[in-house]
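**Student:** From the sequence below, what's the structure:
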Amino acid sequence: MTRVKFREWTEEELSLIKDVSYSARELSVMLSARAGTIRNLRIKLDVVPSQSSVMSRPRPQRIKNETRQCIGKDCSNSFTVKPAMKKKYCSHSCQLRTDNIAPKGIGSRGIRNPNIKEYTQYARKVHALSHKVYEQNKEIINPNNYPRTLCGVEGGWQLDHIITIKECFEKEVSAEDASTLTNLRMLPWKENLMRQYDN
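**Tutor:** Next up, the predicted model:
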């Protein structure tokens with residue numbers, strides 16, 4: 001049985017091992033030895049660094065938060081964030097007051113429509129009346145019996161308003177006149193969808 005020959009450390013190597021400014025991992029690269037071997041040797045030599053050089057280096061997650069001033073309209077609040085964050089406002093409501101954007105999840109708008117509730121009610125009424133007119137005059141509006149579907153269904157058609165609901169609303173046309181038989185027709189869903197981008 002052959003005995004394993006242990007490495008003999010030179011005085012220069014031992015002085016490096018005793019130098020606590022180097023971590024065991026750094027020394028393992030410098031001295032071509034395992035980091036565990038360096039740690040064990042340090043224990044034998046009673047060299048226990050209070051903190052390894054790796055631990056003493058600043059880490060991104062340990063960077064303290066910074067305090068910022070809110071850039072909101074008539075706002076003097078300050079808030080703390082991580083330096084990497086791009087946050088400029090103290091709250092979402094403060095951002096809404098300043099940027100005049102839509103509610104969360106809808107996206108940004110230049111100017112909000114002040115008549116949005118009024119238009120929504122008008123559009124609902126027109127859709128309800130149009131459905132009634134369609135049911136009463138189905139053979140005139142849809143003589144080929146095209147299937148009425150939502151957007152995205154292959155071969156699907158939709159009930160379309162020749163003068164759009166938005167245009168009728170802007171011209172103050174009554175909901176009853178906007179949903180007359182003469183203003184209704186069938187269109188493939190793609191054409192109906194693209195109409196909103198043509199206006």
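**Student:** any idea which element residue 97 lies in?
**Tutor:** helix 92-99 (DSSP states H and E).
**Student:** Mind exporting the C-alpha coordinates of the lengthiest helix in the chain to PDB?
**Tutor:** Longest helix in the chain by number of residues (criterion: DSSP state H): helix 116-136. What follows is helix 116-136, C-alpha atoms only, in PDB (Å, rounded to 0.1, in the frame of the first residue of the first chain):
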ATOM      1  CA  ILE A 116     -67.400  58.000 -21.900                       C
ATOM      2  CA  LYS A 117     -70.200  57.000 -19.500                       C
ATOM      3  CA  GLU A 118     -72.800  58.700 -21.700                       C
ATOM      4  CA  TYR A 119     -71.400  57.000 -24.800                       C
ATOM      5  CA  THR A 120     -71.400  53.600 -23.200                       C
ATOM      6  CA  GLN A 121     -75.000  53.900 -22.300                       C
ATOM      7  CA  TYR A 122     -75.900  55.100 -25.800                       C
ATOM      8  CA  ALA A 123     -73.900  52.200 -27.400                       C
ATOM      9  CA  ARG A 124     -75.700  49.600 -25.200                       C
ATOM     10  CA  LYS A 125     -79.100  51.000 -26.100                       C
ATOM     11  CA  VAL A 126     -78.200  50.900 -29.800                       C
ATOM     12  CA  HIS A 127     -77.000  47.300 -29.600                       C
ATOM     13  CA  ALA A 128     -80.100  46.200 -27.800                       C
ATOM     14  CA  LEU A 129     -82.400  47.900 -30.300                       C
ATOM     15  CA  SER A 130     -80.300  46.600 -33.300                       C
ATOM     16  CA  HIS A 131     -80.700  43.100 -31.900                       C
ATOM     17  CA  LYS A 132     -84.500  43.400 -31.800                       C
ATOM     18  CA  VAL A 133     -84.600  44.900 -35.400                       C
ATOM     19  CA  TYR A 134     -82.300  42.000 -36.600                       C
ATOM     20  CA  GLU A 135     -84.600  39.300 -35.000                       C
ATOM     21  CA  GLN A 136     -87.700  40.900 -36.600                       C
END
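**Student:** Buried residues of whichever helix or strand comes after that helix, list them for me.
**Tutor:** Next along the chain after helix 116-136, taking DSSP H and E as the criterion, comes helix 138-141. For helix 138-141, burial by neighbour count (16 or more other CB atoms under 10 Å) applies to residue 141. C-beta here means a position set from N, CA and C on the backbone, and glycine is covered the same way.
**Student:** Return the distance of helix 138-141 from the chain's centre.
**Tutor:** On the basis of CA atoms, centre = their mean, to the nearest Å, helix 138-141 sits 45 Å off its chain's mean C-alpha point.
**Student:** got a list of what the nearest residue to residue 125 once chain neighbours are set aside touches?
**Tutor:** Spatial nearest neighbour of residue 125, chain neighbours left out: residue 175 (4.2 Å); criterion: CB to CB, 6 or more residues apart in numbering. Residue 175 is in contact with 122, 125-126, 129, counting by CB atoms under 8 Å, 6 or more residues apart in numbering.
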